[in-house]
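Asker: have a look; sequence and predicted model below, questions after that.
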Amino acid sequence: MRRIITATVQNRSGVLNRVTGLLQRRQFNIESISVGPTETEGISKMTLVVDVEDSQKLEQVTKQLNKQIDVLKVSDITDKAIVARELALIKVAGGGQLRSEIKGIIEPFRASIIDVSKDSLAIQVTGKPEKIEALIELLRPYGIKELSRTGLTAFLRGQQPQVTEMNSYSLLK
Amino acid sequence: MNVEAALAIQTSTAPKTGADLLIKSLIEEGVELLFGYPGGAVLPIYDAIYRARDEIKHILFRHEQGSIHAAEGYARITGKPGVVIATSGPGATNLVTGIADAMMDSLPLVIFTGQVATSVIGTDAFQESDIMAITTPITKHNYQVRSAGDLPRIVKEAFHIASTGRPGPVVIDIPKDISAGEIDDSDLKSDFFLPGYQPTTKPNPLQIKKLAEALSKSRKPVLLAGAGVLHAKASEELRNFAEKHSLPVVTTLLGLGSFPAESPLSLGMGGMHGTYTANMALYECDLLINIGARFDDRLTGNLKHFAPNAKVAHIDIDPAEIGKVVITHIPIVSDAKEALCELSSQSVEPLVHHEWMEKLEQNKLQFPLWYKNNDSDMCPQWLMRAIHQATNGDAVITTDVGQHQMWAAQYYQFSEPHRWVTSGGLGTMGFGFPAAIGAQIASPESKVIAIVGDAGFQMTLQELSVVHELKLPIKIIIVNNGALGMVRQWQETFYENRYSHSVLQSQPDFSMLAESYQVRGIKVTSQEELLSVLPDVMAYDGPVLMDCRVLQQENVYPMIAPGKGLHEMIGVKE
Ligand SMILES: Cc1ncc(C[n+]2csc(CCOP(=O)(O)OP(=O)(O)O)c2C)c(N)n1
């Protein structure tokens, strides 16, 4: 199962290495990892999308992460009310009249063209991973020359549903 | 100004270099002893050690691996961090085995490695190695010092991390410019705050209650005691708890000594070469209370057959160990001592488990450890009993890894805690002898015996120099079967006697070898000879190496073959 895990860490050298090394050593598959500073100086947040076999393995991931001295907090937010986004840059072949055709395709995705050259154009899209995947599929026939994705970043919504028995729904499922 | 006065000023002035500051921080931490080996990148540190020679002792080993295993022996006996220093590059990589060993067996170590100067890190400079990356998976934590001013804090943090919670090794990598650089230490702070490291030491009362209730209902309870009991210095509490409810106790390999072997409640060691009674108790119990053991695979055997009918309670200071491999019904994150105290204050209905206790007693009588003895040759199991007898069961025993280790574990009956030093999790050959050096230093009054194999001893024997130099009265007993015994046994049992590279074709004369290091060496080939020299050897006030020629064909039994369950032991007494 795919889970979204966030880890708040102290921004010290080696912490990223420790986290990724540990996941690799314990045979947890990382689908994506994104890291960046937070509102607090010296504190960074990592968003990990991992693929684990079962809940016992999942518990191990969070426990092993928590055990690291520089890791302050680990949360599995998969089943919470969250906002989760990813950004992708897609370079597609296409000049001349193709350009307006592509424009038509990307518009419903609220993606934008951020660079244009004689025979290619670069598109930026943000959203949930499945939205990005859908756009990639639509653009594929035009010839994707280059693709770069940031990996997911996410946090909890300001308001969480009060129900304790929340159906486990996932943005990734 | 005369020379003396000048010297006095020189030594009384505040630290001058990062290295002086480091040594000062160590002294403030209460460190009296360093286990080390010098080299280019730590020359400034060694210079500071020279300046502080009246306040801190340093022991020069003959290989970095020897120094770190000695530090492990020291840590195992004292519970205090062993402090190790090595140079960059090869010095640091020579420590890797010991660091991994300490990580597996939760031993507190603080390790200082030299590093090339900050300005050339990353350029493949002479004797540069990325020891941070190399040691990340085998340390509890590691640091590279970026500014000498951070040293007092980092040293304090490192000792705290190494010795609290679940202990483990911490590496501090110090670039040469940092240790050599001048520093004004007048307003340096060593305060630290580690928000990400707050080990839970007190048990959750609700869970304790649950455990007490489960105990009340249990008909077949068993306690499993691991090294966590020893780290927490909770042997007395364990004993009180077990005796209060008359609970049978199985110990792990590393937990030996946490519960007195001679107690009627003791079932002995569990696991691959444990007793039949201990393993069947784990297999048949309806309540398993694990205190400070990590359900290592050498203990559990095939997990499918591990305590299949039991409710499992697990007390451990490391939450990540709970539920890692065995499904746990009552998880208790706590220091073993705290949990045992809390448990003892709970009211528990008098247990109805006499049938169970009778059955265990029956098993003990019917299926004890056994071996075939003859009066002339030296049987290794017999040798262990002879050592036990000659030391009144009161020695500190260190072992290497292999058959002799298992025989020592089976036959040296420990009645006291902190007398047993062995490499469990990593199973490191070469550990036993240098560990004895650390143990003897830690406990100068104790009789320290290193029981080693003829192969493993050859991995770190160069430390005989240290034994002689420090006049440590260690008794080295080589259980010499002319083979990599444990490998030979597996090849005999599982590979149809194909002895591929497990029988030694050439060996030194160990007693002469010892003599060349000015250590008394004796060769013993029969039981009779052993009995005649042993009292003298034990009474001798200096180091002795005894080369004991034992039967090569002897195997360690009983045994749980790999992949088999606890109830499938082979080689049980008929
Ligand atoms: C560093 C290292 N290399 C290899 C092994 C694998 N191994 C385990 S026991 C053993 C044989 C040990 O032989 P010896 O030291 O003579 O002890 P014995 O088993 O004969 O008592 C070997 C090679 C190991 N545990 N450690």
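Answerer: Arrived safely, thanks for sending. Numbering: from 1, shown residues only, chains lettered A, B, ... in the order given.
Asker: which strand is the longest one in chain A?
Answerer: Ranked by residue count, the top strand of chain A under DSSP state E comes out as strand A:82-93.
Asker: now do the helix or strand following that one: everything it contacts.
Answerer: Next along the chain after strand A:82-93, taking DSSP states H and E as the criterion, comes helix A:98-106. For helix A:98-106, the surrounding residues in contact (C-beta atoms under 8 Å, 6 or more residues apart in numbering or on different chains) are A:Val92, A:Gly94, A:Ser112, A:Ile113, A:Val116, A:Leu121, A:Ile123, A:Val125, A:Leu135, A:Leu138, A:Leu139, A:Tyr142. C-beta: built from backbone N, CA, C; applies to glycine.
Asker: can you count the residues close to residue 69?
Answerer: Because you didn't say which chain, this covers chain A. 23 (other C-beta atoms under 10 Å in any protein chain shown).
Asker: wait, chain B was what I had in mind.
Answerer: B:His69 has 37 nearby residues by other C-beta under 10 Å.
Asker: so who does B:His388 touch?
Answerer: So B:His388 contacts B:Tyr411, B:Tyr412, B:Gln413 (C-beta under 8 Å, 6+ apart).
Asker: highest neighbour count among those residues?
Answerer: B:Tyr412 (23 neighbours).
Asker: that residue touches B:Met384, doesn't it?
Answerer: Yes - using C-beta atoms under 8 Å, B:Tyr412 is in contact with B:Met384, at 5.7 Å.
Asker: show the pLDDT at the most centrally placed residue in chain A.
Answerer: Nearest to the mean C-alpha position of chain A, by C-alpha atoms, centre = their mean, lies A:Leu152 at 0.9 Å. The per-residue pLDDT reported for A:Leu152 equals 96.
Asker: and what about the residue of chain A found nearest chain B, helix, strand or coil?
Answerer: Nearest residue of chain A to chain B: A:Lys63, at 3.9 Å (C-beta to the nearest C-beta). Here A:Lys63 is helix, with the state taken from DSSP: H, G, I helix; E, B strand; the rest coil.
Asker: quick revisit: residue contacts, the residue nearest to the centre of chain A?
Answerer: By C-beta under 8 Å, 6+ apart, the contact set of A:Leu152 is A:Ile4, A:Ser32, A:Ser34, A:Thr47, A:Val49, A:Ala84, A:Arg85, A:Glu86, A:Pro129.
Asker: do B:Val487 as well
Answerer: B:His501, B:Ser502.
Asker: only alpha carbons, please: show the helix or strand that contains it as CSV.
Answerer: Using DSSP H and E, the element containing B:Val487 is helix B:485-494. Provided in CSV are the C-alpha atoms of helix B:485-494 (Å, rounded to 0.1, in the frame of the first residue of the first chain):
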residue,chain,number,x,y,z
GLY,B,485,34.8,-25.3,14.2
MET,B,486,31.4,-23.9,13.7
VAL,B,487,31.8,-23.8,10.0
ARG,B,488,33.1,-27.3,10.1
GLN,B,489,30.0,-28.4,12.1
TRP,B,490,27.6,-26.8,9.6
GLN,B,491,29.4,-28.4,6.7
GLU,B,492,29.2,-31.8,8.4
THR,B,493,25.5,-31.4,9.2
PHE,B,494,24.2,-29.5,6.2
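Asker: quick one: contacts of the helix or strand following that helix?
Answerer: Remark: after helix B:485-494, the chain's next helix or strand is helix B:510-516, criterion DSSP H and E. Under the criterion C-beta under 8 Å, 6+ apart, residues B:454, B:457, B:461, B:464, B:476, B:478, B:480, B:520-523, B:545, B:547 lie in contact with helix B:510-516.
Asker: which members of those residues are positioned in helices?
Answerer: Taking DSSP state H, the ones among these that sit in helices are B:Asp454, B:Phe457, B:Leu464.
Asker: ok, and the most crowded of these?
Answerer: That'd be B:Phe457 among the ones in helices among the contacts of helix B:510-516, by other C-beta under 10 Å, with 27 neighbours.
Asker: B:Ile476 is in contact with that one, correct?
Answerer: Yes - in this structure, B:Phe457 is within contact of B:Ile476 by C-beta under 8 Å, at 7.5 Å.
Asker: report the set of residues contacting both of those two.
Answerer: Contacts common to B:Phe457 and B:Ile476, judged by C-beta under 8 Å, 6+ apart, are B:Phe433.
Asker: kindly export stretch A:26-46 (C-alpha atoms) in CSV.
Answerer: Extracted in CSV, the C-alpha atoms of stretch A:26-46 (Å, rounded to 0.1, in the frame of the first residue of the first chain):
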residue,chain,number,x,y,z
ARG,A,26,15.1,-1.8,5.8
GLN,A,27,13.7,-2.5,2.3
PHE,A,28,11.1,0.2,2.2
ASN,A,29,10.4,1.4,-1.3
ILE,A,30,10.4,5.2,-1.6
GLU,A,31,8.3,6.4,-4.5
SER,A,32,9.1,10.0,-4.0
ILE,A,33,10.7,12.2,-1.4
SER,A,34,10.6,16.0,-1.2
VAL,A,35,12.4,18.2,1.3
GLY,A,36,12.4,21.8,2.1
PRO,A,37,12.6,24.4,4.9
THR,A,38,9.5,25.1,7.0
GLU,A,39,8.2,28.2,8.7
THR,A,40,10.7,27.6,11.6
GLU,A,41,14.3,28.3,11.0
GLY,A,42,16.5,25.2,11.2
ILE,A,43,13.5,22.9,10.8
SER,A,44,12.8,21.1,7.5
LYS,A,45,10.0,18.9,6.4
MET,A,46,10.2,15.8,4.3
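Asker: mind listing what's buried in that stretch?
Answerer: A:Phe28, A:Ile30, A:Ser32, A:Ile33, A:Ser34, A:Val35, A:Ser44, A:Lys45, A:Met46 (16 or more other C-beta atoms under 10 Å in any protein chain shown).
Asker: can you list contacts of that stretch?
Answerer: By C-beta under 8 Å, 6+ apart, stretch A:26-46 touches A:2, A:6-11, A:15-16, A:19-20, A:23-24, A:47-52, A:57, A:60-61, A:64, A:72, A:86, A:149-153.
Asker: for PyMOL, what selects the buried ones among those?
Answerer: Buried members of the contacts of stretch A:26-46 can be picked out in PyMOL with the line below, counting by 16+ other C-beta under 10 Å:
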select buried, chain A and resi 6+7+8+9+10+11+15+16+19+20+23+47+48+49+50+52+57+60+61+64+72+86+149+150+151+152+153
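Asker: in helices, which of the contacts of stretch A:26-46 fall?
Answerer: Those of the contacts of stretch A:26-46 lying in helices (DSSP H): A:Val15, A:Leu16, A:Val19, A:Thr20, A:Leu23, A:Gln24, A:Lys57, A:Gln60, A:Val61, A:Gln64.
Asker: many thanks, I have nothing further to ask.
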